[in-house]
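Chemist: kindly return the folded structure for what I paste below:
(one chain, ligands or ions: 1)
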Amino acid sequence: MDKQESEKFKTLLQAYRAKLASGISHIERDMLNKSQRDSSGDLSGYTFHMADQATDNFDTEFNLDIASNEQKFLNEIDEAIKRIDEGVFGICEECEKPIAVKRLKAVPYARYCIKCQEGIEKNNR
Ligand SMILES: [Zn+2]
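Modeler: Here you go, the predicted structure:
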């Protein structure tokens, strides 16, 4: 991937990050009004769930799940930005082959190519 293209992904990731960060503070504020339970949500879900889709119908536990997932996404996005800075963005961490740009456009923080990702998900189940 050339520098120009990776810079585009960097901009995209930074926009994601800003949106996520504001979503998390929104959820945290919401949760303060409800309970102080520990967050022990399942972090394995990789659905990109924006907080602004949340409604009052969601119970507290679900809100906690979203918050943990968003924190996880924030970390993933930070890591992806770091990989751009290090010039290794878009390289699969497993097989070290380039990740398809089409996949990166859908999942800009992807660490693995689609093949390795499928293998990892299979092992997790
Ligand atoms: Zn791979």
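Chemist: write out the residues of the chain neighbouring the ion.
Modeler: With CB under 5 Å from the ion as the criterion, the chain meets the ion at residues 92, 94, 95, 113, 116. Just so you know, the C-beta spots here come from the backbone N, C-alpha and C atoms, and that holds for glycine as well.
Chemist: from the residues you listed, list just the buried residues.
Modeler: Buried subset of these (neighbour count, 16 or more other CB atoms under 10 Å): 92, 113, 116.
Chemist: out of the residues you listed, which sit inside helices?
Modeler: Secondary structure from DSSP state H places residue 116 of these in helices.
Chemist: what residues of stretch 12-30 count as buried?
Modeler: Applying 16+ other CB under 10 Å to stretch 12-30 flags 12, 13, 16, 17, 20, 23, 24, 26, 27, 30 as buried.
Chemist: before we move on, what about stretch 81-91?
Modeler: Quick answer for stretch 81-91 (16+ other CB under 10 Å): 81, 83, 84, 89, 90, 91.
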